[in-house]
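Asker: quick one, structure for this:
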Amino acid sequence: MDLKDSNDDPLASSNAEYHASGWKQFGTGITQTSMELLPNDYSFKVYYAGASNQKSQDVGLYPNVEFETVLVTMDLKDSNGNPLVSSNAE
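Answerer: Next comes the predicted model:
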């Protein structure tokens, strides 16, 4: 399992899981990691920056489970579309 940023560079998450009769830690629990599984369809979940993402994948056909972040840009503009500066964007 890999977690990558929008530039395809590896990121670390401290919580990587797969579902097989309940959620279990995947490998060491830190992305990038690997472990042996039977060739079945599993659900995988990764946590990053306070959020989680989940996907199902047949590891017999596609053994590399990849999660990727996206670059998010926040703009604050007035009603005319002019940029504004804020000291508190969350």
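Asker: so what's the most far-flung residue of the chain relative to its centre up against?
Answerer: Going by Cα atoms, centre = their mean, the residue of the chain most distant from its centre is Asn80, 36.0 Å out. For Asn80, the contact set (Cβ atoms under 8 Å, 6 or more residues apart in numbering) is empty. Backbone N, C-alpha and C define where each C-beta goes, glycine included.
Asker: could you pull out the strands for this structure?
Answerer: Residue ranges of the strands in the chain, as given by DSSP state E, are 2-4, 16-19, 23-25, 41-48, 51-58, 66-68.
Asker: buried residues in stretch 24-31?
Answerer: Buried residues in stretch 24-31, counted by 16 or more other Cβ atoms under 10 Å: Phe26, Thr31.
Asker: rounded mean pLDDT for it, please.
Answerer: When pLDDT is averaged along stretch 24-31, the result is 88.
Asker: how about residues contacting that stretch?
Answerer: With Cβ under 8 Å, 6+ apart as the contact definition, stretch 24-31 has outside contacts at 1-3, 10-18, 33-35, 44, 46, 67.
Asker: among those, name the buried ones.
Answerer: Met1, Asp2, Leu3, Leu11, Ser13, Ala16, Glu17, Tyr18, Thr33, Phe44, Val46, Phe67.
Asker: how about CSV for those residues, with distance to Ser87 added?
Answerer: Output for those, formatted as CSV (distance: Cβ to Cβ, whole Å):
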residue, distance to Ser87
Met1, 38
Asp2, 36
Leu3, 31
Leu11, 28
Ser13, 30
Ala16, 36
Glu17, 37
Tyr18, 42
Thr33, 39
Phe44, 39
Val46, 32
Phe67, 32
